[in-house]
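**Student:** Here is a sequence together with a model predicted from it:
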Amino acid sequence: MAEEFIDRLFVLFGSKILEVVPGRVSTEVPASLSFDTAGTVAKARKLISLYEKKGISRERVLIKMASTWEGIRAAEVLELEGIHCNLTLLFNFAQAVTCAEAGVTLISPFVGRIYDWYRKEQGRGEIAPDQDPGVASVTRFYNYYKKFGYKTQVMGASFRNANQVVRLAGCDLLTISPQLLKELENEEGTLKRELDPVKARDSKEPRLRLEEKTFRWMHNEDAMATEKLSEGIRRFNSDTHRLQQFALALVAETIG
């Protein structure tokens with residue numbers, strides 16, 4: 001009962017957002033399904049059916065899931081059904097390559113979380129803008145996609161400062177907090193495009209096609225990506241659990 005309540009609550013939130021936003025909204029599948037391909041596919045289909053019962057086209061909805069091997073395989077199935085996916089908790093190149101090969105609509109790499117990990121690992125207060133590992137990661141993903149003509153869009157997310165936004169100007173999409181938008185608005189001068197599909201063609205990156213064992217090995221060898229993916233799944237799952245407890249209490253109160 002709590003699960004059904006949450007599904008309908010998420011769709012209600014998404015529907016309300018779409019009343020004021022002309023584009024798309026992302027709705028997450030539970031983090032507990034991050035290693036369950038069949039479960040993720042089933043949940044995504046259900047969420048889309050709830051949206052469609054409200055008269056909202058699946059073209060306006062992105063189903064959001066973790067960039068595990070299982071999550072990417074689920075997204076591959078869903079995209080073939082016209083259910084568009086946003087792959088999140090994406091931190092390394094193996095994840096980005098596999099998402100593109102699976103034909104997912106969108107990836108949303110977390111610039112700030114990558115930056116935070118390296119700053120803590122290196123024991124420094126700040127990292128120089130031209131050495132920002134979060135910016136470097138997203139730049140690499142973008143250039144790779146554009147060089148090889150993938151349809152998958154890159155949406156940089158989780159920014160820690162305005163400079164990160166500036167250095168990713170030209171990216172397909174960026175999610176920017178109101179605070180950073182205000183800061184950028186107050187800046188003078190012209191914003192230079194840093195990421196460009198034409199420039200991306202000069203990238204020296206070779207094309208990769210990763211089978212499962214290579215994907216898992218490349219991910220395992222990246223300590224930052226391994227830690228941040230696991231941490232993100234745990235935190236998302238904890239948030240969902242708290243929401244479920246709230247839903248159960250609300251239902252019990254209503255019935256009582």
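**Tutor:** On my side now, so go ahead.
**Student:** how close does K182 sit to L168?
**Tutor:** K182 sits 18 Å away from L168, going by C-beta to C-beta, to the nearest Å. Glycine gets a C-beta too; all of them are placed from N, C-alpha and C.
**Student:** the more surrounded of these two?
**Tutor:** L168 (21 against 11; other C-beta atoms under 10 Å).
**Student:** Need the per-residue pLDDT for that one.
**Tutor:** What the model reports as pLDDT for L168 is 98.
**Student:** Which strands and helices lie in contact with the longest helix along the chain?
**Tutor:** Scanning the chain for the helix with the most residues, using DSSP state H, yields helix 223-255. Contacts defined by 3 or more C-beta pairs under 8 Å, 6 or more residues apart in numbering; DSSP states H and E place helix 223-255 against helix 2-18, strand 61-66, helix 111-122, helix 212-220.
**Student:** Between strand 61-66 and that helix, find me the angle.
**Tutor:** In terms of direction (axes from the mean of the first three to the mean of the last three C-alpha atoms, to 10 degrees), helix 223-255 departs from strand 61-66 by 120 degrees.
**Student:** can you list the domains in the protein?
**Tutor:** 1-87, 89-207 (automatic domain parsing).
**Student:** picking up where we left off before, what residues of the longest helix of the chain count as buried?
**Tutor:** With burial defined by 16 or more other C-beta atoms under 10 Å, the residues of helix 223-255 counted as buried are M224, A225, K228, L229, G232, I233, F236, T240, L243, Q244, A247.
**Student:** Tabulate those residues in JSON lines, adding columns for pLDDT and distance to L208.
**Tutor:** Listed next are the buried residues of helix 223-255 as JSON lines, based on pLDDT from 0 to 100; distance: C-beta to C-beta, whole Å:
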{"residue": "M224", "pLDDT": "98", "distance to L208": "19"}
{"residue": "A225", "pLDDT": "98", "distance to L208": "16"}
{"residue": "K228", "pLDDT": "98", "distance to L208": "21"}
{"residue": "L229", "pLDDT": "98", "distance to L208": "19"}
{"residue": "G232", "pLDDT": "97", "distance to L208": "24"}
{"residue": "I233", "pLDDT": "98", "distance to L208": "24"}
{"residue": "F236", "pLDDT": "93", "distance to L208": "28"}
{"residue": "T240", "pLDDT": "85", "distance to L208": "33"}
{"residue": "L243", "pLDDT": "83", "distance to L208": "38"}
{"residue": "Q244", "pLDDT": "81", "distance to L208": "39"}
{"residue": "A247", "pLDDT": "76", "distance to L208": "42"}
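**Student:** Look up phi and psi at L78.
**Tutor:** phi -70, psi -40 (degrees, to the nearest 10).
**Student:** My read is that it contacts I63, right?
**Tutor:** Yes. Distance between L78 and I63: 6.4 Å, which falls inside the contact criterion (C-beta atoms under 8 Å).
**Student:** and the nearest residue to L9 once chain neighbours are set aside, what does it touch?
**Tutor:** Excluding the flanking residues, the one nearest L9 by C-beta to C-beta, 6 or more residues apart in numbering is A247, at 7.5 Å. A247 makes contacts with M1, A2, F5, I6, L9, as judged by C-beta atoms under 8 Å, 6 or more residues apart in numbering.
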